[in-house]
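[1] Provided below are the primary sequence and the corresponding predicted coordinates.
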Amino acid sequence: MGKVNFYTLGSAEPGANLQFVCRLTEKARELGHRVYIHTATAAQAQALDDLLWTLRPSSFIPHGQRTESAATLTEPVTIAALPAPAGFNEVLINLSAAPYSNHAQFSRINEIVAADAQSIHEGRERYRFYREAGATLETFKL
């Protein structure tokens, strides 16, 4: 199993996690990685898609949403509440409450933990899961 990074946010503000995901995605793209962003819901995927278009006027992150009707995408960043297709194996950003089901598919997984009690509890559960799976874990407090 690859490396799992946990990013603990200092803010419980609504949308803080999506703002951070945009910055993390931008950094991964600067390093040349393909990124799969697994969202908890289709509505969250749409919100993140909209935010990536308006992140900064000087920023452009080529991305697309994977849906049942658009199952294959060629963009270097894909957003979906669906499992990642074959071929995405570099960077996963997981926004769901549970560990990603096919975690061994990716060489690097990024877990986002907001500052609210529910997110912290879910983050601890995901941390235990990945530790028991033998992942290399690292935590960043932001």
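    Ah, there it is. The shown structure was predicted, so the numbers you read here are calculated from the model rather than taken from an experiment.
[2] the lowest-mean-pLDDT helix or strand in the chain - contacts with which helices or strands?
    In the chain, the helix or strand scored least confidently by mean pLDDT, DSSP states H and E is strand 63-65, which has a mean of 81. Helices and strands touching strand 63-65, by 3 or more Cβ pairs under 8 Å, 6 or more residues apart in numbering; DSSP states H and E, are helix 42-54, strand 77-80. For every residue, glycine as well, the C-beta is placed using N, CA and C.
[3] all helices for this structure, in order.
    Assigned by DSSP state H, the chain shows helices spanning 16-30, 42-54, 117-132.
[4] who wins for proximity to Val77 among those?
    helix 16-30 (5.9 Å; Cβ to Cβ).
[5] got the angle for the closest one vs helix 117-132?
    40 degrees (axes from the mean of the first three to the mean of the last three Cα atoms, to 10 degrees).
[6] list the buried ones in helix 16-30?
    Neighbour counts over helix 16-30 (16 or more other Cβ atoms under 10 Å) mark Ala16, Asn17, Leu18, Phe20, Val21, Cys22, Leu24, Thr25, Glu26, Ala28, Arg29 as buried.
[7] could you check how far the most centrally placed residue in the chain is from Ala117?
    Note on the chain: the residue nearest the mean C-alpha position is Ile93, at 1.7 Å, using Cα atoms, centre = their mean. To Ala117, Ile93 is 22 Å away according to Cβ to Cβ, to the nearest Å.
[8] pLDDT below threshold where in the chain?
    1, 67-74 (pLDDT under 70).
[9] try 80
    Residue ranges of the chain with pLDDT under 80: 1, 14, 55-59, 62, 66-75, 85-87.
[10] before we move on, the earlier item: let me know which of the helices and strands packed on strand 63-65 is tucked in deepest.
    strand 77-80 (a mean of 24; mean count of other Cβ atoms under 10 Å).
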